[in-house]
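S.K.: Pasting the sequence and the predicted coordinates here, then a few questions.
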Amino acid sequence: MGRKLARGVDIIGVGMTELGFVSETPALKNMTSRELWVWAALEAMQDAGVSPRDVDAFYVGNMIGEYAEDQYHLSNIIAQWTGLGCGEGVWKPGVRIEGACASSSHALRQAVFAIASGACDVVMAGGAEINNAKFSSKDPGVPRKMTNEERLAGIYCHYDQAWEMPQLSIQDMVLSQWLIAYGKQYGLGPDTLLDVLDARLLSNIRNGHLNPKTYWNRTLEEVAAEAGFENPREFLRSPSHNPVSYWPMRLWDGPRRCDGGAVLILCAAEMSSRFSRKPIHVLGTGNAHGTSLSEPMYTQPFIVEASRQAYEMAGVIPSDVDIVEMYDFAPSEYLIPLEDFGYFGRGEGWKAIVDGRTTFEGDKPVNTSGGASTGLVVGSVGAIGTYHLVKQLRGEAGANQVRPVPEVALLFDCGAARDGVIHIYGR
Amino acid sequence: METVVNQFYSYLKQGKIMGRKCEACGTFQFPPQGICSQCGSGGLVWAPVSGKGTLLFASTGEHRMMGLRFVQGTVKLEEGPLVSGMAILPDFDLSAPESIWEYSLAGLPVRAEVVKNPQGVEAVAFRVLR
């Protein structure tokens, strides 16, 4: 018998920034993480019909603030900037949560527990992150675009500095092995694996084109035509335009890291009708740690365990899930988890992807937001994914709304390919 | 609690690859950790690694911070642990990355050895024997 929340928790409001680069995207230009947070928080509070006075506490997910902004203790700044005062010169409780790319999913999880415990009734949770620029006190509010080396260094701190870094054990290499292991397990040759990679990209990028909030909005058809190709598949198979990075993965299979954030307002379920006409229920949550490695490698036990916790808490089974938003830094983090949390049966995921079942018109939609192929904000992924799932569950997702409107949604977030967080939502 | 990370690298500088063994349940840790994940005991003692193992999976690409193209392997050590690190494949052609496919699940034996990484730090690598 799984663990249950001691009190029901609903999401009553969601807000999200546009995604882009604070060093150049007009809507985000010169914004620090606190401004991204306030943008999303204002939208979320308006959506929920609450004011800062109604909010009891907050959890802010942020991964690389020390690196991008020389900033520890973002929580104290967020308390003040979000208007969470509770007396003269006093602000409400809250803390920054860091769990690598899954930071905001952990923040959301702590918000759920704060409400379920009875300690709070209304909690604000989310993430805000600068990925591509450096701010410093020497020139406040003026970002300097990071070099590629700095962008890497900013996230390489998630590796075990006492083991993986000296041993040169890097995640992209292991994620390549996840794909190779899957291919060997199910008898797929490299060319079929490339079909899977192409199908994911085609689905993600088309979804991103329909998502006005994401960073990369162009179509692959347009990109391919510009480069002189008749169709996107030929473009994706071109070694000069899509060179191998970590075989069989290619340049385009990688994430488009960008800046942005999202904020959610959570509320005790027994009170949510006071604020919201369309509360979305947090049915279950799970988390487990692993090492990125496993002997079979085509399955990762930490993902299986996180999903077991979430399903048991939610009282649903994998076949009840209608839609998935997931952290897909690499295509293997799309394919492998989809089977590990049971959205597809063992050995069935690759064909489902190739057959277009994960597109937003498919029967098993994945990443209607566009996923990492159109915008990945490390440290805010789970909050952004939850924003999109709440919109889908309410039937308010616009051009890529799934029909019929989904009833049960699953969010998968993953820190450093080894810290799996799963939330299950329902309407 | 004794100092573990410092001691591990001190051993490497002496050319010794050491893990830790749980005195309570016999589980072998590599790389070393603080408490036994199998039985929860804090009673861990240093023990030499045989260095023998099997290459389960291999991949190739660039370590962009180091500016180095290399091969990485996931190795199952004879003592039990699963580890990931540099794999030394003497005859591997880095310009033909697709040929890495055949190295996975081929049951290739490896031997751990101490190398200097590109930053001059002693590290463990796995030489594929074939």
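M.R.: On my side now, so go ahead. Residues are numbered from 1 along each chain as shown, chains lettered A, B, ... in the order given.
S.K.: worst-scoring helix or strand of chain A, pLDDT-wise?
M.R.: The helix or strand of chain A with the lowest confidence, counting by mean pLDDT, DSSP states H and E, is helix A:148-156 at a mean of 89.
S.K.: Now find how far off-centre the helix or strand just after that one is within its chain.
M.R.: As assigned by DSSP states H and E, the chain's next helix or strand after helix A:148-156 is helix A:164-167. Counting by CA atoms, centre = their mean, to the nearest Å, helix A:164-167 is centred 27 Å from the centre of its parent chain.
S.K.: hmm, back to that, could you say what helices and strands the least confident helix or strand of chain A packs with?
M.R.: Here helix A:148-156 touches helix A:65-69, going by 3 or more CB pairs under 8 Å, 6 or more residues apart in numbering or on different chains; DSSP states H and E. Just so you know, the C-beta spots here come from the backbone N, C-alpha and C atoms, and that holds for glycine as well.
S.K.: what's next to the helix it packs on, contact-wise?
M.R.: A:32-33, A:71-72, A:74, A:96, A:129-131, A:133-136, A:146, A:153-154, A:157 (CB atoms under 8 Å, 6 or more residues apart in numbering or on different chains).
S.K.: next one: the helix or strand that comes right after it to chain centre, how far?
M.R.: The helix or strand immediately downstream of helix A:65-69 is helix A:74-81, counting by DSSP H and E. Chain-centre distance of helix A:74-81: 23 Å, with CA atoms, centre = their mean.
S.K.: Pretty sure residue A:250 sits against residue A:243.
M.R.: Yes. Assessed by CB atoms under 8 Å, residue A:250 is found in contact with residue A:243 at 6.4 Å.
S.K.: Tell me the bridge partners for residue A:134.
M.R.: residue A:144 (DSSP bridges).
S.K.: residue contacts, it?
M.R.: Counted by CB under 8 Å, 6+ apart, residue A:134 has contacts A:68-69, A:143-144, A:146, A:150.
S.K.: Return the closest of the residues you listed with respect to chain B.
M.R.: residue A:150 (10.3 Å; CB to the nearest CB).
S.K.: Nearest residue to the closest one in space, please, no chain neighbours.
M.R.: residue A:134 (6.9 Å; CB to CB, 6 or more residues apart in numbering or on different chains).
S.K.: picking up where we left off before, so between residue A:250 and residue A:243, which is more surrounded?
M.R.: Under the neighbour definition other CB atoms under 10 Å in any protein chain shown, residue A:250 and residue A:243 were set side by side, and residue A:250 has more, 22 against 10.
S.K.: tell me the contacts of the more buried one?
M.R.: Residue A:250 neighbours (CB under 8 Å, 6+ apart): A:197, A:236, A:242-244.
S.K.: TSV for those, including secondary structure, pLDDT and distance to residue B:28?
M.R.: TSV is the format used below for these (DSSP: H, G, I helix; E, B strand; the rest coil; pLDDT from 0 to 100; distance: CB to CB, whole Å):
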residue	secondary structure	pLDDT	distance to residue B:28
A:197	helix	98	37
A:236	helix	98	44
A:242	coil	98	43
A:243	coil	97	41
A:244	strand	97	36
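S.K.: Select only the buried ones of the residues you listed in PyMOL?
M.R.: The buried residues among the contacts of residue A:250 can be selected in PyMOL (16 or more other CB atoms under 10 Å in any protein chain shown) with this line:
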select buried, chain A and resi 197+236+242+244
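S.K.: now, which of the contacts of residue A:250 lie close to chain B?
M.R.: Contacts with chain B within the contacts of residue A:250, as defined by CB under 8 Å from any CB of the partner chain: residue A:244.
S.K.: what's the farthest-apart pair in the contacts of residue A:250?
M.R.: A:197 and A:243 (13.5 Å; CB to CB).
S.K.: Top of the contacts of residue A:134 by number of neighbours, please.
M.R.: residue A:68 leads the contacts of residue A:134 on contacts (other CB under 10 Å) with 27 neighbours.
S.K.: for chain A, what spans make up the helices?
M.R.: A:33-48, A:65-69, A:74-81, A:103-116, A:148-156, A:164-167, A:171-185, A:190-209, A:220-226, A:232-236, A:301-314, A:332-340, A:349-354, A:381-394 (DSSP state H).
S.K.: And the ones you listed, which one averages the lowest pLDDT?
M.R.: Note on the helices of chain A: helix A:148-156 shows the lowest mean pLDDT, a mean of 89.
S.K.: Export that one to CSV, keeping only CA atoms.
M.R.: Provided in CSV are the C-alpha atoms of helix A:148-156 (Å, rounded to 0.1, in the frame of the first residue of the first chain):
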residue,chain,number,x,y,z
ASN,A,148,30.0,28.0,-24.6
GLU,A,149,32.6,27.0,-22.1
GLU,A,150,30.8,29.0,-19.3
ARG,A,151,27.5,27.4,-20.3
LEU,A,152,29.0,24.0,-19.8
ALA,A,153,30.8,24.9,-16.6
GLY,A,154,27.6,26.2,-15.1
ILE,A,155,26.0,22.8,-15.2
TYR,A,156,29.1,20.6,-14.8
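S.K.: For it, which outside residues touch it?
M.R.: With CB under 8 Å, 6+ apart, helix A:148-156 has contacts from A:63-64, A:67-68, A:100, A:131-132, A:134, A:146, A:165, A:257, A:378, B:64-65.
S.K.: quick check: angle from that helix to helix A:171-185?
M.R.: Counting by axes from the mean of the first three to the mean of the last three CA atoms, to 10 degrees, helix A:148-156 lies at 70 degrees to helix A:171-185.
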